[in-house]
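K.L.:
Got a predicted structure plus its sequence, pasted below:
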Amino acid sequence: MLPVAAGASVDPDMALHAYARARLADGEGALGVAVDSYRVALAGDPTSLAIARRSYVQALESGDMPLALQSAALLDEGGMLPRDGTLLRICDALGRKDWTAAQAFTDRLVEEGNFSFLAPIVQSWISLGQRRYVAPVIDGKDKFGALGARYLDEHLALQAMARGDKEEAIGAMRRALALRVTDDEALRLTFAAQLAGRRAKADALALLPADEASFAKARADVARGKVPGAIAMSFTPRQGFAQLLARLAVDIASDETGTALGIRLARIATFADPAAAEPHLAAAKLLVAGDLANYAAAEARKVPVTGWYGALAQAELVEALAASGDRDGAIALAQSLVSAPNAEPEHLVRLGRLLADSGDFDGAASAFRQAQTGYPADSLPWALLLFEGSALEQGKRWDEARAVLEKAAVMAPNEPVILNYLGYAQIERRQNVDVALDLLKKASALKPQDASITDSLGWAKFVTGDVKGAVPVLERAAAGAPGDATINEHLGDALWTAGRRYEARYAWRAAAVFAEGDVANRLDAKAREGLKPEYAAP
């Protein structure tokens, strides 16, 4: 479809067809086609709130700032602007240095309530732009004040640097990083760039761990005194606003229900500061979570590979490539990341998971094992042993897998997922069944609502001859996960053996709905002929 120039007229019939095409593309998940079509439709009917309501969301998800702003303005006039739309309008006002409009929209933010906890920080950036700076103050009595406090120190730091107060900034930086025990790499780079740009080399290097590949480029530049000016410049109000929204977007999306909102906030952040890395990193991460992997890859690629944030962006690109179906590309890129000196363990874990998904279980086990070397023995995460044991078990190296899984169980004796894996793997092989049954009983007691663990326990009871005890446990598992083929097949086998053959066939047919390949053929045979030794679940 040809693009529509701003202000161009569109035939009403063409606009109607474009709207219908947009709705269809929307339903099919074809975001690019939908956005192009909504643009044509809105050009043909520039007062339509129905079109604007849909084009607003799609424009944000796709990163089309002009269409998002056009839709937002129309929705605002009609009293239908979503709450995040106020943030978009603040973004636009800050970009134009229209401090009056920015303040008016920030006041509206407080009135609307949803994002009112951001207002003190936004107002402080506006005051900085007005050259009459007032530091942000979080009201301790505000029930949402703790949310704003999470972001306060990093903005106090950036604003202090913009005002030339390095000592105040360093204290705020330390407090901000202390709040972010994880996911602090990009923030460290941002702070270090600010310090290095003002000849505070030692302070900048102190923020950049020497033994992590993600900081290698930054450390080398700081040591040489050659910090890129683009990332060392003082933050402007719109850049501070972008930083705020990028952080908020990731935090909101940590809850699965917040992914869609997180994507919109991250996109607004990229509109506010398209040259900065952090908004693109946040957008890439969240677009993968929102099943928009191709857009995520595009965002990750906007961050220069050879720049300070390049390693972080490449890690996001690995996830985007994998999610988009380019597994080979993802593996190749992941392998290049782990080949760097001092590669972080998480890069090896990411590679291990990709290799396991591709069926290279030996390679996966090796990656997980190598990741363990990045930790002291007394702080080794048990999950890495579980990952390695799982890869070894799937790679038909059971004796090695069992030793690793048993080590994990000793390290974390009350972790249900370890107990379940070790117990079920032994039950499958009819090894140490009494010990395995005890492991599964403990796992189920620790996590009684987990359908897969309940299934493991029920199946263990069945294969050890306790059919009467197995049936109610497997029924409970099937009730918790009615779409799980394995659980329903186990239930069917137990019901048949218990003499409840009509119900058994029903369970097998329920399993067949979600089964594929040999499993589907086996279930079909059971439903027709009943349970025979050659049809038993493994």
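P.N.:
Received, thanks.
K.L.:
Show me how far stretch 57-73 is from its chain's centre.
P.N.:
23 Å (Cα atoms, centre = their mean, to the nearest Å).
K.L.:
List the buried residues in that stretch.
P.N.:
Using 16 or more other Cβ atoms under 10 Å as the test for burial, stretch 57-73 gives 57-65, 67-73. In short, each C-beta sits where N, CA and C put it, glycine included.
K.L.:
same check, this time on stretch 373-387
P.N.:
Neighbour-count burial for stretch 373-387 flags G374, L380, P381, W382, A383, L384, L385, L386, F387 (criterion: 16+ other Cβ under 10 Å).
K.L.:
is it true that I418 touches L405?
P.N.:
Yes: counting by Cβ atoms under 8 Å, I418 does reach L405; the two are 6.8 Å apart.
K.L.:
Common neighbours of those two, please.
P.N.:
Jointly contacting I418 and L405 under the rule Cβ atoms under 8 Å, 6 or more residues apart in numbering are L386.
K.L.:
what mean pLDDT would you report for stretch 52-64?
P.N.:
On average, the pLDDT along stretch 52-64 is 92.
K.L.:
now swap in stretch 415-423 and tell me
P.N.:
Computed over stretch 415-423, the average pLDDT equals 97.
K.L.:
what does stretch 523-538 give?
P.N.:
92.
K.L.:
ok, now stretch 271-282?
P.N.:
97.
K.L.:
Could you work out the end-to-end span of it for me?
P.N.:
13 Å (Cα to Cα, to the nearest Å).
K.L.:
Quick one: low-confidence residue ranges for the stretch 351-500 of the chain.
P.N.:
By pLDDT under 70, the stretch 351-500 of the chain has no low-scoring segment.
K.L.:
so where do the helices sit in it?
P.N.:
361-372, 382-394, 398-411, 416-428, 433-446, 451-463, 467-480, 485-497 (DSSP state H, counting those that start in this stretch).
K.L.:
other SSEs contacting the first one?
P.N.:
What that stands for is helix 361-372. Judged by 3 or more Cβ pairs under 8 Å, 6 or more residues apart in numbering; DSSP states H and E, the packing partners of helix 361-372 are helix 345-357, helix 382-394.
K.L.:
ok, back up a step: mind picking the two most distant members of the buried residues of stretch 373-387?
P.N.:
Spanning the widest gap among the buried residues of stretch 373-387 are G374 and L386, at 16.4 Å by Cβ to Cβ.
K.L.:
Could you tell me which residues make contact with the closest residue to G423 other than its chain neighbours?
P.N.:
In space, and not counting its chain neighbours, G423 is closest to L439: 3.5 Å by Cβ to Cβ, 6 or more residues apart in numbering. By Cβ under 8 Å, 6+ apart, L439 lies in contact with A409, L419, N420, L422, G423, Q426.
K.L.:
Relative to A425, how far out is L439?
P.N.:
10 Å (Cβ to Cβ, to the nearest Å).
K.L.:
quick one, what contacts H490?
P.N.:
Contacts of H490 by Cβ under 8 Å, 6+ apart are D455, G458, W459, F462, L474, A477, A537.
K.L.:
Reformat those residues as JSON lines; add distance to D45 and neighbour count.
P.N.:
Listed next are those as JSON lines, based on distance: Cβ to Cβ, whole Å; neighbours: other Cβ atoms under 10 Å:
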{"residue": "D455", "distance to D45": "54", "neighbour count": "28"}
{"residue": "G458", "distance to D45": "59", "neighbour count": "26"}
{"residue": "W459", "distance to D45": "60", "neighbour count": "26"}
{"residue": "F462", "distance to D45": "63", "neighbour count": "24"}
{"residue": "L474", "distance to D45": "57", "neighbour count": "27"}
{"residue": "A477", "distance to D45": "53", "neighbour count": "27"}
{"residue": "A537", "distance to D45": "58", "neighbour count": "20"}
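K.L.:
any idea of the pLDDT on the residue lying closest to V303 once chain neighbours are set aside?
P.N.:
Of all residues not flanking V303 in the chain, A313 sits nearest, at 3.5 Å (Cβ to Cβ, 6+ apart). On pLDDT, A313 comes in at 97.
K.L.:
A313 sits in which helix or strand?
P.N.:
Using DSSP states H and E, A313 falls within helix 310-323.
K.L.:
so how far is that helix off the chain centroid?
P.N.:
12 Å.
K.L.:
Export it to PDB, keeping only CA atoms.
P.N.:
Output of helix 310-323 as PDB, limited to C-alpha atoms (Å, rounded to 0.1, in the frame of the first residue of the first chain):
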ATOM      1  CA  GLY A 310      25.700  -2.900  21.900                       C
ATOM      2  CA  ALA A 311      26.100  -6.100  24.000                       C
ATOM      3  CA  LEU A 312      22.800  -5.500  25.700                       C
ATOM      4  CA  ALA A 313      21.000  -4.800  22.400                       C
ATOM      5  CA  GLN A 314      22.500  -8.000  20.900                       C
ATOM      6  CA  ALA A 315      21.200 -10.000  23.800                       C
ATOM      7  CA  GLU A 316      17.700  -8.600  23.100                       C
ATOM      8  CA  LEU A 317      18.200  -9.400  19.400                       C
ATOM      9  CA  VAL A 318      18.900 -13.000  20.300                       C
ATOM     10  CA  GLU A 319      15.500 -13.300  22.000                       C
ATOM     11  CA  ALA A 320      13.800 -11.500  19.100                       C
ATOM     12  CA  LEU A 321      15.300 -13.700  16.500                       C
ATOM     13  CA  ALA A 322      14.400 -16.800  18.400                       C
ATOM     14  CA  ALA A 323      10.800 -15.600  18.900                       C
END
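K.L.:
which two from the contacts of H490 end up farthest apart in space?
P.N.:
For these, with distances taken as Cβ to Cβ, the pair at the greatest spread is A477 and A537 (13.4 Å).
K.L.:
Could you dump the helices and strands packed on helix 361-372 into JSON lines and include distance to G29?
P.N.:
Listed next are the helices and strands packed on helix 361-372 as JSON lines, based on distance: least, Cβ to Cβ, whole Å:
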{"stretch": "helix 345-357", "distance to G29": "22"}
{"stretch": "helix 382-394", "distance to G29": "31"}
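K.L.:
tally of neighbours for L348?
P.N.:
Close neighbours of L348, defined as other Cβ atoms under 10 Å, add up to 24.
K.L.:
residues in contact with it?
P.N.:
With the criterion set at Cβ under 8 Å, 6+ apart, L348 makes contact with V338, A367, F368, Q370, A371, G374.
K.L.:
Verify the stated contact: the first one with A367.
P.N.:
Yes: using Cβ under 8 Å as the test, V338 is close enough to A367 to be in contact (7.3 Å).
K.L.:
between those two, which one's more packed in?
P.N.:
A367 (27 against 19).
K.L.:
For the more buried one, which non-adjacent residue is closest in space?
P.N.:
In space, A367 is closest to G352, 3.6 Å off (Cβ to Cβ, 6+ apart).
K.L.:
and the one you found, how many neighbours?
P.N.:
28.
K.L.:
Correct me if wrong: it contacts D362.
P.N.:
No: using Cβ under 8 Å, G352 makes no contact with D362, being 10.9 Å away.
K.L.:
For those two, list the residues in contact with both.
P.N.:
Counting by Cβ under 8 Å, 6+ apart, the residues touching both G352 and D362 are A391.
K.L.:
Show residues contacting stretch 405-414.
P.N.:
Residues contacting stretch 405-414 (Cβ under 8 Å, 6+ apart): 380, 382, 385-386, 389, 393, 415, 418-419, 421-422, 425, 439, 446.
K.L.:
Closest one to A216 out of these, please.
P.N.:
Closest to A216, out of all of the contacts of stretch 405-414 and judged by Cβ to Cβ, is L380, at 24.3 Å.
K.L.:
How much space separates the closest one from V349?
P.N.:
13 Å.
K.L.:
Also P448?
P.N.:
In terms of Cβ to Cβ, P448 sits 29 Å off from V349.
K.L.:
For those two, work out which one has more neighbours and name it.
P.N.:
Per other Cβ under 10 Å, whichever of P448 and V349 has more neighbours is V349, with 23 against 13.
K.L.:
Spatially nearest residue to the more buried one (excluding sequence neighbours)?
P.N.:
V349's closest residue in space is A371 (Cβ to Cβ, 6+ apart), at 5.2 Å.
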